[in-house]
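Peer 1: Below: sequence and its predicted model.
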Amino acid sequence: MRTSKISRLIYTNSGLAILALTSSAVHLLWKWPRSDRNSGKASASVSPTLWQPPSGILMTNDTTDNNPEEAVHCFALSKNDSYVMSASGGKISLFNMMTFKTMTTFMPAPPAATFLAFHPQDNNIIAIGMDDSTIQIYNVRIDEVKSKLRGHSKRITGLAFSNVLNVLVSSGADAQVIY
């Protein structure tokens, strides 16, 4: 596998692994090995190892051209760590984290997705920040945009659902925070 720089990095919600998205649109997953020295949980005394399913499948995003390094890379993990939704300038992909298989792809660019967030209570609902400054609320299960939110004048740079309130907060390259 060609080495490329890490564009995005996150601990899984369980804290048992680290997921990265490279500039070449490939995901890498590191897990802590179980041993007599470690229970498999994140630890500074044991280094994580790069993990792949037995099939050898790689989670690779769709890209719009031959230069994925130029794309805005983004991903989000479902609350239970079972799925990762990800984009690297092309279609958005939904991957199974256990098998690395692509479950579905949707929303071809343009505009490209620039930030992704799962709804905290429903893994089927996602917020997608776009390069055209809009936010789309999308239901993966029925493959439908439920609503399109406007308010920013430049691309979306951040999205966060409240776990307590029924609120989505967004930030944009226009230096605005909207809730």
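Peer 2: Okay, I see it. Numbers count the residues shown, from 1 in each chain.

Peer 1: What helix or strand is the residue located most distally from the centre of the chain located in?
Peer 2: For the chain, the largest distance from the centre (Cα atoms, centre = their mean) belongs to residue 36, which lies 33.0 Å off. According to DSSP states H and E, residue 36 maps onto no helix or strand at all.

Peer 1: Mind listing the residues bridging to the residue nearest to residue 58 when sequence neighbours are not counted?
Peer 2: Take residue 58 and drop its neighbours on the chain: the residue closest to it by Cβ to Cβ, 6 or more residues apart in numbering is residue 26, 5.6 Å away. The way it works is simple: take the backbone N, C-alpha and C, and place the C-beta from them, glycine included. When assigned by DSSP bridges, residue 26 has beta-bridge partners residue 60.

Peer 1: cool, and residue 102?
Peer 2: On the basis of DSSP bridges, residue 102 takes part in beta bridges with residue 95.

Peer 1: And for residue 74?
Peer 2: According to DSSP bridges, the partner residues bridging residue 74 are residue 87.

Peer 1: how many neighbours does it have?
Peer 2: By the measure other Cβ atoms under 10 Å, the count of residues near residue 74 is 27.
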